[in-house]
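Engineer: Let me see the structure of the following:
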Amino acid sequence: MPQISIHAFCDRNETASCINTMSKDWRMRRTNCKIYMGGLSAAIDFYHKENTPSLILIESGMRGEELFNQLEQLASVCDEGTKVVIIGAANDIRLYRQLMDKGVSDYIVPPLHPLNLIRSLSELYSDPETPFTGRAIAFFGAKGGVGSSTLAHNIAWVLAERLQQETAMIDLDSAWGTTALDFTYDSASGLEEALAEPDRMDETLLDRIMVRHTPRLSLLPTASSLNTKPVMDSSAYEAIIGGVRSISPLALLDLPHFWCDWTTNTLTTVDDVVITATPDLPNLRNTKNLIDFLRAQRPNDPDPILILNQTGRCKSKEDEISVENFASAVGLEPSLVIGFDPDTFSRACNEGKMLPDMKDAAPIVPGLEYIAERLRTGKFSMAPTVAAKVKKGRKGKASKSPGIEDVGGKSLFAGLMKKKG
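Structural biologist: Have a look, this model is predicted:
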């Protein structure tokens, strides 16, 4: 939403509560919203003495002449340019048309939901000439070394090459980023140049500094140099992300393991967050803190997507937190569980290949496609087929992590993805 003032005049406490929840959403951070009770008559009395804001929300169950008479009284005290949205009680198309003819901007009926309200209000201020805005997905590791960057890069590749989705991969780790390494580029600039000139962020600059890896996959790598101090200005990162979103329908953001204003702002304002963790105590603590933070800051958004990586790393099950216990402790079921397979991952990294190009990684690919489909559509719309490759024990027997079955089995997500009855 743009930087505007909003006044709401409600008849019911339920409506006031919904608008209050809406006002706390991150999408409304630039607005100033005030809530009053008393409906349409209270609004008329209020604006006899006060200037009207950019937008007025009014709840009213009235219909017919009484409603239209009071709306005319409201119009007589409204400043030019003020938009009025009515929250009514009945889904009446005839009333809707009458209200539109009277100059009302929109007519909304219950059931009300904060996101639906935001969507309706934002449409009032949409500019057809405004650049297209694509979805943005943030990948964040619960701890360093958990594989968040590797998974981000491989899922970006799967989106572009397997799902045929135009995708942009943005490396936001100016000091230690690995996007150029994983995609075998010797990058001398990219993110650093963009951060140096955020005010010039446009399609021309992005076209010059981004790498077209395949016809559907573009990269914004980093030189990973320690010769320059890291940029901590949130507005610079906002400009970069906004610029890429204006030219790509899907942008994957590989975030460093920093906790500062720009990273928290990015995590709060993207469409989806993917958390990667490994099943140990520090990761459990950090993952729970991340989930609690995101639920508090994004109350109207879906939970983050949790990937539990490197399961089965310990020789004994007693030395590793089980999938079930990890999920119970953090309050979120993993969407994907990946077994410990250092040989395949290391070889792919050293050879500059994506996991789908590695024969040994074939069992992991359907799991990556499962997450990629969720990121592409905003919902899980395909059935999972595999969770991970299973590590072999020293005696040649399958060393299973909880919730993962043999690669050759039919139920490879096992109990992890089943709905509890």
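Engineer: rest of the way, CA atoms for contacts and neighbours
Structural biologist: Noted.
Engineer: What are the contacting residues of stretch 21-32?
Structural biologist: 1-6, 33, 114-115, 117-118, 268-269, 297-300 (Cα atoms under 8 Å, 6 or more residues apart in numbering).
Engineer: now swap in stretch 103-110 and tell me
Structural biologist: 83-91, 96, 99-100, 124.
Engineer: of these, buried ones?
Structural biologist: Listed as buried from the contacts of stretch 103-110 are 83-89, 96, 99; burial here means 16 or more other Cα atoms under 10 Å.
Engineer: quick one: low-confidence ranges for the protein?
Structural biologist: 127-132, 187-188, 380-421 (pLDDT under 70).
Engineer: Quick check: can you list the domain ranges of it?
Structural biologist: For the chain, automatic domain parsing gives the domain ranges 5-124, 135-417.
Engineer: And for E373, the neighbour number?
Structural biologist: A count of nearby residues for E373, using other Cα atoms under 10 Å, gives 20.
Engineer: For stretch 219-234, list every residue counted as buried.
Structural biologist: Neighbour-count burial for stretch 219-234 flags 219-224 (criterion: 16+ other Cα under 10 Å).
Engineer: related to what we said a few turns ago, using PyMOL, define a selection of the buried residues within the contacts of stretch 21-32.
Structural biologist: Only the buried members of the contacts of stretch 21-32 enter the following PyMOL selection, criterion being 16+ other Cα under 10 Å:
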select buried, resi 1+6+33+114+115+118+268+269+297+298+299+300
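Engineer: among the contacts of stretch 21-32, which are in helices?
Structural biologist: 114-115, 117-118, 268-269, 297 (DSSP state H).
Engineer: With distance to E324 as new columns, can those residues be given to me in TSV?
Structural biologist: Formatted as TSV, the ones in helices among the contacts of stretch 21-32 follow (distance: Cα to Cα, whole Å):
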residue	distance to E324
P114	33
L115	32
L117	37
I118	36
T268	27
T269	30
Q297	26
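Engineer: quick check, nearest of the residues you listed to E72?
Structural biologist: L117 (24.5 Å; Cα to Cα).
Engineer: burial count for F293?
Structural biologist: With other Cα under 10 Å as criterion, F293 counts 15.
Engineer: hang on, it is in a helix, isn't it?
Structural biologist: Yes. The assignment for F293 (DSSP: H, G, I helix; E, B strand; the rest coil) places it in a helix.
Engineer: List the residues that contact it.
Structural biologist: Applying Cα under 8 Å, 6+ apart, we find F293 in contact with no residue.
Engineer: what does the one 4 residues further on give?
Structural biologist: Under the criterion of Cα under 8 Å, 6+ apart, the contact list for Q297 reads 25-26, 268.
Engineer: one more time with 7 Å, if that's ok
Structural biologist: Residues in contact with Q297 (Cα atoms under 7 Å, 6 or more residues apart in numbering) are T268.
Engineer: What distance do you get for it to T264?
Structural biologist: Counting by Cα to Cα, to the nearest Å, the gap from Q297 to T264 is 10 Å.
Engineer: Next: D25.
Structural biologist: From D25 to T264 the distance is 15 Å (Cα to Cα).
Engineer: the more surrounded of those two?
Structural biologist: D25 (20 against 15).
Engineer: Figure out the helix or strand that the residue lying farthest from the centre of the chain lives in.
Structural biologist: Residue farthest from the centre of the chain, counting by Cα atoms, centre = their mean, is E65 at 45.4 Å. Per DSSP states H and E: E65 is located in helix 64-77.
Engineer: Tell me which other helices or strands that helix touches.
Structural biologist: With contacts taken as 3 or more Cα pairs under 7 Å, 6 or more residues apart in numbering; DSSP states H and E, helix 64-77 sits against helix 39-47.
Engineer: Going by neighbour count, list what's buried in the helix it packs on.
Structural biologist: Result for helix 39-47 [16+ other Cα under 10 Å]: buried residues 39-41, 43-44, 47.
Engineer: got the CA positions of the helix or strand following it in PDB?
Structural biologist: Moving toward the C-terminus from helix 39-47, the next helix or strand (DSSP H and E) is strand 55-59. Presented in PDB, the C-alpha positions along strand 55-59 are these (Å, rounded to 0.1, in the frame of the first residue of the first chain):
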ATOM      1  CA  LEU A  55      -9.200   6.700   2.400                       C
ATOM      2  CA  ILE A  56     -12.300   6.200   4.500                       C
ATOM      3  CA  LEU A  57     -13.700   2.700   5.400                       C
ATOM      4  CA  ILE A  58     -17.200   2.700   6.600                       C
ATOM      5  CA  GLU A  59     -19.200  -0.200   7.800                       C
END
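Engineer: From the buried ones among the contacts of stretch 103-110, which land in strands?
Structural biologist: 83-87 (DSSP state E).
Engineer: which among these gets closest to K317?
Structural biologist: Looking across these and measuring by Cα to Cα, the closest to K317 is I87, at 56.5 Å.
Engineer: just to revisit the earlier point, could you give the angle of the helix holding E65 to helix 39-47?
Structural biologist: 20 degrees (axes from the mean of the first three to the mean of the last three Cα atoms, to 10 degrees).
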